[in-house]
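for reference, the sequence and a predicted model appear below.
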Amino acid sequence: MADLSATIAGVRIDPLFMNASGPDCTTPEQLSGLLRSGAGAAVTKSMTLMPRPGNPEPRYMDLPLGSINSMGLPNLGYEEYCRLLPALRHEGSKPIVASVAGFSLSDYVTIARAASEAGFDLIEINLSCPNIAGHPQVGYDFEASDAVIAAVRSVCDRPLGLKLPPYFDPVHHEQMAAVLRRHRLEFLTLINSVGNTLVIDADSERPVIRPRDGFGGLGGEYVKPVALANVRAFHTLLEGRVPIIGVGGVYGGRDAFEFLLAGACAVQCGTAYKQQGTRVFDRLAAELNAILERKGYAAAAAAVGRLRALPAAASAPA
Ligand code: HRO
């Protein structure tokens, strides 16, 4: 059996799989189910200052190769998640990750401080919710991101990380990496759904989800190459110094192995968890273990960032 653990800022995640903040991690029952499952950690739905019912339905749709959502941050509010934490600890010793969202700098500070004081094992600051009208994704504004990171870091004693949106141009990878180098961060989660996509049902001639005229975040197989590229870009630009949790299109052990090669040390699962439930985590671990054993890796950690270069092209005849 290969060692499937990841360690982030001293927090051991074994196996290295967890849910992505998103589907089915809002209620205490859902979080308990994750803690009792084969996942190595559980992540909460992004918590806001006040409880929210979220956007009108339909707001999530399975697609042939993934999903689209515009959930609109339905959650119980940060005070309830902080209050629930001691009871969730009774489900076992797995790390519990607080996902934090905000509509202002002061929201982020209030929630991050409370989550840190409550004792969540990791705190993941969501800078990339694509689905709230009038609130652009913070991660696409480098100055605003810098200010949020500085402010939450100053009130957060627990390991702190960011969940970033996908970037599509190397200039943006470099600009965000420059921001990240200015701060102490224990991890990055890459990537959130690909925001503001539109799926149309040709039969009904309508969008498949209701909120925001059908615009929503795309997940699943569609986004895996985007996610892998972002993991690779930040792993390279930050010289492997900041642990990365990869997310986007993980359905099987082979997908997870690709994320390890790109530079992730742990992996989250969103759409596949939504579609298959908690049993997905046992399958992911078994499949990743089989790949690592077959390839002769004693530990998942040994594969992190080990993407090989293509061999040099043969030179053209003179
Ligand atoms: O709740 C949502 O609509 C949502 C959030 Cl917060 C997020 O970060 N990413 C996403 O695809 N949906």
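Perfect, I can see it now. Here the structure is a predicted model, which means the values were calculated and not measured. Residues are numbered from 1 along each chain as shown.

can we go C-alpha only for contacts and neighbour counts from here?
OK.

and S37, how many neighbours?
18 (other Cα atoms under 10 Å).

specify the beta-bridge partners of L190.
L164, G246 (DSSP bridges).

pLDDT below threshold where in this structure?
Where the chain drops to pLDDT under 70, the residues are 318.

which bits of the stretch 201-318 of the chain sit near the ligand?
G217 (Cα under 6 Å from any ligand atom).

any chance you could map the strands in the stretch 201-318 of the chain?
Per DSSP state E, counting those that start in this stretch, the stretch 201-318 of the chain carries strands over the ranges 206-207, 215-220, 244-247, 266-269.

out of these, deepest packed?
Among these, strand 244-247 has the highest mean neighbour count (mean count of other Cα atoms under 10 Å), at a mean of 30.

contacts for it?
Contacts to strand 244-247, defined as Cα atoms under 8 Å, 6 or more residues apart in numbering, come from residues 20, 187-192, 227-228, 231, 235, 259, 263-270.

can we see that at 7 Å?
Residues from elsewhere that reach strand 244-247 (Cα atoms under 7 Å, 6 or more residues apart in numbering): 187-191, 227, 231, 259, 263-269.

cool, and stretch 89-108?
13, 21, 32, 35-36, 40-49, 111-112, 115, 120-126, 148, 152.

let's go with 8 Å and repeat that
Against stretch 89-108 from outside (Cα under 8 Å, 6+ apart): 11-13, 21, 32, 35-36, 40-49, 111-112, 115, 120-127, 129, 135, 147-148, 151-152.

just the ones of those in strands?
Among the contacts of stretch 89-108, the subset assigned to strands under DSSP state E consists of 11-13, 42-43, 122-126.

what's the offset of the longest helix along the chain from the middle of its chain?
Taking DSSP state H as the criterion, the chain has its longest helix at helix 279-295. Put simply, helix 279-295 sits 20 Å off its chain's centre (Cα atoms, centre = their mean, to the nearest Å).

and if you look at stretch 174-182?
Distance, centroid of stretch 174-182 to centroid of chain: 19 Å (Cα atoms, centre = their mean).

pull out the buried positions in it.
Residues of stretch 174-182 classed as buried: 176-177, 180 (neighbour count, 16 or more other Cα atoms under 10 Å).

give me the distance between M18 and L198.
28 Å (Cα to Cα, to the nearest Å).

check the contacts of stretch 89-108 against the ligand, which are close?
Okay, of the contacts of stretch 89-108 touching the ligand (Cα under 6 Å from any ligand atom), that's 46, 129.

reduced to three states, what does the nearest residue to D146 once chain neighbours are set aside come out as?
The shortest distance from D146 to any non-neighbouring residue, by Cα to Cα, 6 or more residues apart in numbering, is to V179 (6.0 Å). Look at V179: counting by DSSP: H, G, I helix; E, B strand; the rest coil, its state is helix.

wait, V179 touches F142, no?
Yes - the pair V179 / F142 is scored as a contact, 7.0 Å apart, by Cα atoms under 8 Å.

measure P136 to the ligand for me?
12 Å (Cα to the nearest ligand atom, to the nearest Å).

show me what contacts the residue nearest to that residue when sequence neighbours are not counted?
Distances taken as Cα to Cα, 6+ apart put P130 closest to P136, at 7.0 Å, once the chain neighbours are dropped. By Cα under 8 Å, 6+ apart, the contact list for P130 reads 70, 136-137, 193, 195-196, 216-217.

show the buried residues in the residues you listed.
Among these, the ones that count as buried by 16+ other Cα under 10 Å are 70, 137, 193, 195-196, 216-217.

show me where this structure has helices.
All helices of the chain, identified by DSSP H, fall at 28-36, 78-89, 105-118, 142-153, 170-181, 224-237, 253-262, 271-276, 279-295.

list the buried residues of the last one.
Buried residues in helix 279-295, defined by neighbour count with 16+ other Cα under 10 Å: 280-281, 284-285, 287-293.

now do it and helix 253-262, the angle between them.
With axes from the mean of the first three to the mean of the last three Cα atoms, to 10 degrees as the basis, helix 279-295 and helix 253-262 are set at 60 degrees to each other.

elements contacting helix 279-295?
In terms of contacts (3 or more Cα pairs under 8 Å, 6 or more residues apart in numbering; DSSP states H and E), helix 279-295 is packed against strand 17-19, helix 253-262.

M18 and L198: which has the busier surroundings?
M18 (30 against 15).

right, and that one touches G40 too?
Yes - between M18 and G40 there is a contact at 5.7 Å, judged by Cα under 8 Å.

now list the buried members of the ones in strands among the contacts of stretch 89-108.
By 16+ other Cα under 10 Å, the ones in strands among the contacts of stretch 89-108 give 12-13, 42-43, 122-126 as buried.
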